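Enquirer: Sequence plus predicted model, see below.
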Amino acid sequence: MVTLSRIYTRTGDHGQTRLGDHRAVAKWDARVEAYGEVDELNSVLGLVVLQSLPDGLLDLLCGIQQELFDLGADLCLPEEEPSTGEVPAGGEEDASTGEVPAGGAASPPLRVQAAQVRRLEEAIDRLNNGLEPLRSFVLPGGSPAAAHLHLARAVCRRAERRAWHLAAEEAVNEHALHYLNRLSDLLFVLARTCNDRGKADVLWQPGKTRCPAP
């Protein structure tokens, strides 16, 4: 359990923050960038769940929001060796201050696990089976829910890029990277689901606005 007794601490006033292991780093550190993008993604999903959604999607998205906090905690805590994802790790950032609350030594650390990635894959397969076949690339739009899901998908792709940037410099749980990749695919499928299962998708028409050749 995380207890926050103060919202501002002033400890970040000099451009530094603390990771899950209490190490001080610059606020533009690659690890801070990675879990900061995950925080932004979760915030966009907060807009999605306010929309009118097909049956079953609200519970799915609320579960993903919980998992994204776990993912942020995973990225916030450095690991010495590449993780198998089966041993959990802790530390999460207070989104309002950018500071990491100190956790008890007895608290098990959080790591994203392979089973969580598999659940995303199962959801993709289940939902994609009922969609209109794709005839072109899909533009963001259609219904408000679909538009917000496409925004979430784009932020998720950015979070994945930041996480891979971090992985090029330090050890990162491979399942955290896989989770972000599958989640962006799921968000695309969810957007199409919210567009009347793809029937109301806005399709790309290549060269539509080009002037005709003389």
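Expert: Here it is on my side, so go on.
Enquirer: ok, Leu75 touching Ala34?
Expert: Yes - Leu75 is in contact with Ala34 according to Cβ atoms under 8 Å; the separation is 4.9 Å. Yep, even glycine has a C-beta here, placed from its N, CA and C like the rest.
Enquirer: who's in contact with Trp164?
Expert: In this structure, Trp164 makes contact with Leu177, judged by Cβ atoms under 8 Å, 6 or more residues apart in numbering.
Enquirer: picking that back up, neighbour-wise, which of Leu75 and Ala34 wins?
Expert: A direct count of neighbours by other Cβ atoms under 10 Å for Leu75 and Ala34 places Leu75 higher, at 33 against 28.
Enquirer: and the more buried one, backbone torsions?
Expert: phi -70, psi -30 (degrees, to the nearest 10).
Enquirer: Okay, it and Ala152: tell me how far apart.
Expert: 18 Å (Cβ to Cβ, to the nearest Å).
Enquirer: now Lys199
Expert: Using Cβ to Cβ, we find Lys199 at a distance of 21 Å from Ala152.
Enquirer: Looking at those two, which one has more neighbours?
Expert: Ala152 (28 against 10).
Enquirer: May I ask you to confirm that Glu67 is in contact with Gln116?
Expert: Yes - using Cβ under 8 Å, Glu67 is in contact with Gln116, at 6.0 Å.
Enquirer: list the residues that contact both of Leu75 and Ala34?
Expert: If you check Leu75 and Ala34 against Cβ under 8 Å, 6+ apart, the residues they both contact are 163, 166.
Enquirer: re earlier: spell out which residues are contacts of both of Glu67 and Gln116.
Expert: Tyr179.
Enquirer: Who has more neighbours out of these two?
Expert: Counted by other Cβ under 10 Å, Glu67 and Gln116 do not tie: Gln116 has more neighbours, with 21 against 17.
Enquirer: In contact with the more buried one, which residues?
Expert: Contacts of Gln116 (Cβ under 8 Å, 6+ apart): 67, 175, 179.
Enquirer: among these, which are in helices?
Expert: 67, 175, 179 (DSSP state H).
Enquirer: Mind naming the longest helix for this structure?
Expert: Per DSSP H, the chain has its longest helix at helix 144-167.
Enquirer: Check which residues of it are buried.
Expert: Within helix 144-167, the residues scored as buried using 16 or more other Cβ atoms under 10 Å are 145-153, 155-160, 162-163, 166-167.
Enquirer: now swap in stretch 59-72 and tell me
Expert: Buried, per 16+ other Cβ under 10 Å, within stretch 59-72: 60-61, 64, 67-72.
Enquirer: what does stretch 176-190 give?
Expert: Going by neighbour count (16+ other Cβ under 10 Å), the buried part of stretch 176-190 is 176-190.
Enquirer: which one of those is nearest Leu53?
Expert: Checking these against Leu53 by Cβ to Cβ gives Leu190 as the nearest, at 8.7 Å.
Enquirer: That closest one - nearest residue in space that isn't next to it in sequence?
Expert: Residue nearest to Leu190 in three dimensions, not counting chain neighbours: Leu149, with 5.1 Å by Cβ to Cβ, 6 or more residues apart in numbering.
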